[in-house]
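Asker: Sharing a model prediction with you, sequence too.
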Amino acid sequence: MNRFIYNLLLCVISFVLLSYSSIRAEQKFNAPDKTITFNKKSLKIAMFLPLAYDKIEELDFTKFNIEEKKRIKYRSFEYITFYEGARIALERLEAEGYAVSLYVYDVAEDDVNQIKNLLSQPEMKTMDLIIPLVFQKSFSVISEFSTLNKIPLVNPMSSNSSIIIDNPYVFKIQPSDVADIETTLRYIKANFQNPNITLIFTPSDKKIVDMYQKGIEREGWSWIGIDYNKYSKRIFEKVDSSKDNIFISVVDKGNYKMNEAYANTLLSQLNNKKNLPQINLIAQYSWLDFPSIDLSLIQKFNFHFSLSYLNDYTNANFVDFIKQYRNHFRQEPDKIYAALGYDIMMFFVPALTQKREKFINEPNVERSKYMINSFFFDRNDPKDGWQNRRTVLYKINDYKIISVGR
């Protein structure tokens with residue numbers, strides 16, 4: 001690796017991480033809002049990020065292709081934007097009058113022993129919040145520590161609902177299937193006068209189908225469920241030109257190539273059907289990543305999808321965040337980590353500061369006017385953790401992605 005490039009890169013990353021030391025020192029600010037009561041000390045937040053700071057010297061830029069190889073070759077860049085987004089949020093929160101001491105730890109994603117060593121440090125028991133981006137085994141260790149020491153713990157990325165079981169201090173950010181379904185049904189109810197739904201599934205999708213069925217029947221809409229493995233030729237059986245025809249596909253074939261083939265096949269079926277009335281198709285965001293997908297058909301059939309985070313330039317709060325991000329870091333953020341780091345700080349710092357000991361049982365605060373995508377946490381059992389129930393429904397309109405419902 002060219003020594004000049006290496007030194008330049010080291011300086012850049014060191015500059016970004018330099019704010020770690022400046023944040024770590026306790027800071028106090030006068031609260032402009034007299035209705036907020038602040039604790040005398042600042043919040044102490046621990047952030048565990050796989051920054052691979054010690055691997056910088058190994059980077060090879062002879063073939064600079066960061067998008068394709070960053071997971072393997074450029075791991076130092078993988079999660080740094082999460083910290084950058086959080087740092088922007090902290091500056092805004094400081095201006096609001098909040099005080100935060102942030103502790104950033106460079107960890108491996110799957111090094112359980114390293115995590116145990118860090119958690120054994122005396123300072124860890126004094127934390128008010130822990131935010132780790134690590135794999136499941138490491139997260140389980142942190143979760144046990146969180147329960148034992150009654151410290152709120154945020155999981156930013158996992159879709160696994162089991163992480164909230166038996167730990168009332170865990171906050172799962174990624175919405176569950178229930179949240180996606182509720183958002184979709186809420187959107188249908190608000191935007192279609194006479195919904196007529198064709199729900200396409202395979203036997204492995206039964207749990208999701210059951211949830212959709214309950215919601216659809218509760219609303220009294222006409223619908224049919226089609227097992228695509230058995231009855232793929234019957235998907236048009238209930239189409240009615242006098243109604244609002246909505247196709248919802250929850251099919252997951254289990255791997256990328258099979259899902260890509262299925263998506264193309266379904267779109268072709270819709271396109272080849274003569275005299276088909278207008279169709280609104282709701283499926284997975286991953287369809288847009290399939291290189292063989294025909295975007296003209298995505299546009300033709302009013303493709304919708306739900307997702308918790310997306311760089312949405314129709315969202316005024318995201319546009320404001322983008323401007324700050326460009327000003328700070330002279331680049332565009334990635335698809336999810338930067339905005340996620342920003343929103344987590346914008347929600348949890350005020351909630352913890354305002355509620356303190358009440359927070360763990362009443363975590364929700366209204367922060368939607370400050371956040372890119374707001375959170376609303378719910379749980380079914382007091383012995384379990386909290387699940388975010390907010391997600392966003394998007395639509396392809398004029399070959400652009402726009403948000404249409406929450």
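Answerer: That came through fine. Just so it is clear, the structure is predicted and the values come from calculations on it, not from any experiment.
Asker: Can you give me the neighbour number for R406?
Answerer: Residues within reach of R406, counting by other C-beta atoms under 10 Å, total 15. C-betas here are computed from N, CA, C, even on glycine.
Asker: G225 too?
Answerer: Neighbour tally, G225, other C-beta under 10 Å: 17.
Asker: So it belongs to a strand, correct?
Answerer: Yes: assessed with DSSP: H, G, I helix; E, B strand; the rest coil, G225 lies in a strand.
Asker: So what pairs up with it in the strands?
Answerer: L199 (DSSP bridges).
Asker: Same check on I402?
Answerer: K395.
Asker: pretty sure it contacts T314?
Answerer: Yes: counting by C-beta atoms under 8 Å, T314 is a contact partner of I402 at 5.0 Å.
Asker: State the distance from K233 to K273.
Answerer: 11 Å (C-beta to C-beta, to the nearest Å).
Asker: who's more crowded, these two?
Answerer: Set side by side, K233 and K273 show more neighbours around K273, with 13 against 10, by other C-beta under 10 Å.
Asker: How much space separates that one from E123?
Answerer: 64 Å.
Asker: repeat for E94
Answerer: Distance from E94 to E123, by C-beta to C-beta: 22 Å.
Asker: P152 now?
Answerer: Note on P152: its distance to E123, by C-beta to C-beta, is 16 Å.
Asker: So which of these two has more stuff around it?
Answerer: The neighbour count for P152 versus E123, taken as other C-beta under 10 Å, is higher for P152 (23 against 10).
Asker: quick one: that one and S146 touch, right?
Answerer: Yes: assessed by C-beta under 8 Å, P152 is found in contact with S146 at 7.3 Å.
Asker: and for these two, which residues touch both?
Answerer: Shared contacts of P152 and S146 (C-beta atoms under 8 Å, 6 or more residues apart in numbering): 130, 169.
Asker: how about the residue lying closest to D111 once chain neighbours are set aside, what does it touch?
Answerer: Counting by C-beta to C-beta, 6 or more residues apart in numbering, D111 lies nearest to S138, which is 6.9 Å off, once chain neighbours are set aside. S138 is in contact with 107, 109-112, 115, 132, counting by C-beta under 8 Å, 6+ apart.
Asker: Distance check, L93 against E362.
Answerer: 20 Å.
Asker: neighbour-wise, which of the two wins?
Answerer: Shown here are L93 and E362; by other C-beta under 10 Å, L93 has more neighbours (20 against 10).
Asker: The more buried one and F82: what is the separation?
Answerer: From L93 to F82 the distance is 16 Å (C-beta to C-beta).
Asker: same question, I246
Answerer: For I246 relative to F82 (C-beta to C-beta), the value is 36 Å.
Asker: Then F135?
Answerer: Distance from F135 to F82, by C-beta to C-beta: 15 Å.
Asker: Of these two, give the one with the bigger neighbour count.
Answerer: With neighbours defined as other C-beta under 10 Å, F135 and F82 compare such that F82 has more, 27 against 16.
Asker: pretty sure that one contacts L133?
Answerer: Yes: assessed by C-beta under 8 Å, F82 is found in contact with L133 at 6.3 Å.
Asker: Now for these two: what residues contact both?
Answerer: 49, 156.
Asker: where are the low-confidence patches of the stretch 301-406 of the chain?
Answerer: Flagging of the stretch 301-406 of the chain using pLDDT under 70 yields an empty set of residue ranges.
Asker: Mind doing that once more with 80?
Answerer: 334-335 (pLDDT under 80).
Asker: All the strands of it, in order from the start?
Answerer: 304-307, 377-378, 386-388, 392-397, 400-405 (DSSP state E, counting those that start in this stretch).
Asker: Can I get the ones you listed in JSON lines including mean neighbour count and distance to Q193?
Answerer: Listed next are the strands of the stretch 301-406 of the chain as JSON lines, based on neighbours: other C-beta atoms under 10 Å; distance: least, C-beta to C-beta, whole Å:
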{"stretch": "strand 304-307", "mean neighbour count": "22", "distance to Q193": "17"}
{"stretch": "strand 377-378", "mean neighbour count": "16", "distance to Q193": "30"}
{"stretch": "strand 386-388", "mean neighbour count": "22", "distance to Q193": "31"}
{"stretch": "strand 392-397", "mean neighbour count": "19", "distance to Q193": "18"}
{"stretch": "strand 400-405", "mean neighbour count": "16", "distance to Q193": "16"}
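Asker: Make TSV out of these and add distance to M345.
Answerer: TSV is the format used below for these (distance: least, C-beta to C-beta, whole Å):
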stretch	distance to M345
strand 304-307	21
strand 377-378	16
strand 386-388	15
strand 392-397	19
strand 400-405	22
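Asker: any idea which helix or strand carries the residue nearest to D111?
Answerer: helix 136-149 (DSSP states H and E).
Asker: Just the CA atoms of that helix, as PDB, please.
Answerer: Output of helix 136-149 as PDB, limited to C-alpha atoms (Å, rounded to 0.1, in the frame of the first residue of the first chain):
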ATOM      1  CA  GLN A 136     -25.500 -12.600  18.100                       C
ATOM      2  CA  LYS A 137     -23.100 -14.400  20.500                       C
ATOM      3  CA  SER A 138     -21.400 -11.200  21.500                       C
ATOM      4  CA  PHE A 139     -24.800  -9.400  21.900                       C
ATOM      5  CA  SER A 140     -26.000 -12.200  24.100                       C
ATOM      6  CA  VAL A 141     -23.100 -11.600  26.500                       C
ATOM      7  CA  ILE A 142     -23.800  -7.900  26.500                       C
ATOM      8  CA  SER A 143     -27.500  -8.600  27.100                       C
ATOM      9  CA  GLU A 144     -26.700 -10.700  30.200                       C
ATOM     10  CA  PHE A 145     -24.600  -7.800  31.500                       C
ATOM     11  CA  SER A 146     -27.400  -5.400  30.700                       C
ATOM     12  CA  THR A 147     -30.000  -7.500  32.700                       C
ATOM     13  CA  LEU A 148     -27.700  -7.900  35.700                       C
ATOM     14  CA  ASN A 149     -26.800  -4.200  35.900                       C
END
